[in-house]
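Asker: Sequence first, then the predicted structure:
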Amino acid sequence: MRAALKKMATAIAMSAVAVAAQAEIKPSVIYDMGGKFDRSFNQASYSGAEAFKKEHGINYTDFEITNEGQREQVMLRFAQRGYSPIVVAGFQQAPIVAKIAPQFPHLNFVTIDAVVDLPNVRSVIFKEHEGSFLVGALAAMKSKNNAVGFIGGMDIPLIRKFGCGYEQGAKFVNKDALVMQNMTGTTPSAWNDPTRGGELARAQFEKGVDVVFAAAGGTGVGVYQTAADAGKYAIGVDSNQNYLHPGKMLTSMVKRVDLATKNAFEDEKNGEFSYGLQVLGLAEEGVAWALDEHNKGLVTEEDIKKIEDIRQKIIAGEIKVHNYEDTGSCTY
Amino acid sequence: MNPVMAESPAWVRVALIPFLQLVLALAISSLVVLIIGEDPIHAFQVMIRGATNTDFGGISNTLYYATNFIFTGLAVAVAFHAGLFNIGGEGQVYVAGLAVALLCLALDSTLNAWFMAPLIIIGTALFGAIWGAVPGYLQARRGSHIVVTTIMFNYIAMAFMSYMLVEYISKLGGNSTDSRYWNAEAVIPKMHEISSSFPYSLLNPTILLALGVSAAVWVLIWRTRLGFAIRTVGSNPEAAKYAGIDAGRIIIITMAISGALAGMMAVNEVYAAQSRLILNFPNGAGFMGIAVALMGRNHPVGIVFAALLFGAMNQGGTELQFEIPSISPQVVLVIQALVVFFTGALDQLLRGPIENWFQRRAIARSQQAAAQG
């Protein structure tokens, strides 16, 4: 009896030690405004962190920014408590990382969608233009009227980059394709205005558009709904959104923010964290077009082959996709 | 007004009733916290400690948020004394941010903070005043309702500022939607940079400006001819006209002052705290000013205290989210909204009955005294 108890006690003690050893890494995420359940960019970081937690049983801490005053305060508190890596989602947080990271050289920081050139920071950016090119090409292939639409959220360079890539892709497939582009607005509410998204989509449909790509955060939900109701195709963004309207979403331009987050956590855990710039494009599968059970009835084998061909050509450099942010314009 | 009706004592009006309103709001909030499965007492402890501690910057950050709310609260209050509902604080602050950006981008390598700060204060007040005076003019001379025009001016300000930021200001060395940091020499230091006895926070000497401006508003409203004219227009524009006051002119001037007060929030936020112009930096502080003025009964002293409360809720809410992860920012928002609801929108729910009770008691007493005498 006593022996059994002793055995149990050691077992408990050992598992406690094991837990303590695991608890030594304290990963964390700071989401940008919009919140972790935005079904899009922030949620992708969240699902990456969740996947890591599920796989390794290691907990993480997170925080949703709701005002500018919090940014420095929260990042500083995370750093003071020794969280590492601190994954920071969203380009608007980059200046704060540049300020905080040098004060905590022993901690690792990750910026997503922004570049901060410091020895303890890993910057992950995506070639959204390449992914958008691909879905633009697919849109033009599927359009019966040779007219495709793009609906952006807030009118900022990052979103113009999506639109520009999309336009190039559509024109690559069909030089005469009409590409209609609309931005939802100029204020942050443009990220969360499904009603206006729906109206813009309807206006585009009236002009003959029959495939629409929305890079507009929560506004996209209205675009997809309108497209589904009108019997047109919609293309999702950031996360795989095909499931929102099975059989009616043509595809999604997936940006693997989840992988960026999960990889950062895993590298920290395995002690192989690396620094510097990571540019994830089609070649790295950082951006991709989503093909799953929800949209597989919509694309033929031939479509898949064509898109794969374009993908390979972009990776090989045979097709050059112009990046809006390089020149601040969409002339290519 | 009934001459027999005695006013309830001042401590009831300015202290007891707001306190009870707060208690009621927190009681309802507790239910929300209970529903999500957390201990409300613990949650409020975290919130209060988070907003008032001195060791990790709680009180300092509370004061930093309060600084913003004092400016926007005063802006709403001044307009309100002239019977105007200025919903445009958000846009007035935002446009005033442009003044900071223009001055800093042009001069921050040549002037130090001593010369820069006065220029910034004048610049923000001027830009805010212009953005407030235009709806004022439209109300006074064209009969466009101030509520509608100020709301529309918020949208114009947002579109205009996004355009300026994305197309011009960010290209001068900032990120895609922000300006660059201002040169540190040209910016007033934060409290923790002035003295290491302050913990790290965004608190800066702008709070002294906010308190000074509060005093100035008190003088303006109750001790000057202009203030008298403003209050007269507010209580009865027809009577004001009869008394020889050009109501239209007063409306324009009041809106300019109101806009200038809101605009000065940019001194705290854009110049000192963030030291750069950020997309959407007002983030609702302009609208929060309405709640602050409402709770502060449009009096500068009340506004300072209301601003402190709302600042404490912002800071306490951040700590709450930090310490109890299952309480999401949405729940924090619900708690804040309940406080606004009970202190502002449902003001009369408690105020009416309590004031009546005190009045009845006072009347009963005086009658008793009369009977005995």
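Answerer: Yes, it's here.

Asker: CA only for contacts and neighbour counts going forward, please
Answerer: Fine.

Asker: just the helices in the stretch 1-150 of chain B please.
Answerer: Under the criterion DSSP state H, counting those that start in this stretch, the stretch 1-150 of chain B contains helices at B:10-11, B:17-35, B:40-52, B:58-81, B:89-107, B:113-142, B:146-167.

Asker: List of residues touching the last one?
Answerer: Spelled out, that is helix B:146-167. Helix B:146-167 has contacts (CA atoms under 8 Å, 6 or more residues apart in numbering or on different chains) with A:156-157, A:186-187, B:84-92, B:94-95, B:98, B:131-132, B:135-136, B:138-139, B:176-179, B:279-280.

Asker: Next, the contact list for whichever residue of the stretch 101-250 of chain A sits closest to chain B, please.
Answerer: Closest contact between the stretch 101-250 of chain A and chain B, by CA to the nearest CA, is at residue A:186 (5.2 Å). Contacts for residue A:186 were tallied using CA under 8 Å, 6+ apart; they are A:154, A:155, B:158, B:159, B:162, B:163.

Asker: Can you tell me which of those residues lies closest to residue B:60?
Answerer: residue B:158 (29.4 Å; CA to CA).

Asker: surely residue A:174 meets residue A:140?
Answerer: Yes: contact criterion CA atoms under 8 Å: residue A:174 and residue A:140 qualify, at 6.6 Å.

Asker: can you list residues touching both of these two?
Answerer: Counting by CA under 8 Å, 6+ apart, the contacts common to residue A:174 and residue A:140 are residue A:146.

Asker: And the two? Which one has more around it.
Answerer: residue A:140 (28 against 15; other CA atoms under 10 Å in any protein chain shown).

Asker: Can you pull the phi and psi angles for the more buried one?
Answerer: Its backbone dihedrals place residue A:140 at phi -70, psi -30, with angles given as degrees, to the nearest 10.

Asker: Just give the nearest non-adjacent residue to it, would you?
Answerer: Using CA to CA, 6 or more residues apart in numbering or on different chains and skipping the chain neighbours, the partner closest in space to residue A:140 is residue A:170 (4.9 Å).

Asker: Wasn't that neighbour part of a strand?
Answerer: No: counting by DSSP: H, G, I helix; E, B strand; the rest coil, one finds residue A:170 to be helix, located in no strand.

Asker: Now do the contacts for it.
Answerer: Contacts for residue A:170 (CA under 8 Å, 6+ apart) come out as A:133, A:136, A:137, A:138, A:139, A:140, A:141, A:148, A:177, A:179.

Asker: Give me the neighbour count for residue B:114.
Answerer: Under the criterion other CA under 10 Å, the count of neighbours that residue B:114 has is 12.

Asker: Relative to residue A:48, how far out is residue B:48?
Answerer: 34 Å (CA to CA, to the nearest Å).

Asker: Low-confidence bits of chain B, can you list those?
Answerer: By pLDDT under 70, the weakly predicted segments of chain B are B:1-7, B:373.

Asker: Deepest-packed of the helices of the stretch 1-150 of chain B, please.
Answerer: Ranked by mean neighbour count under mean count of other CA atoms under 10 Å in any protein chain shown, the helices of the stretch 1-150 of chain B are led by helix B:58-81, which reaches a mean of 29.
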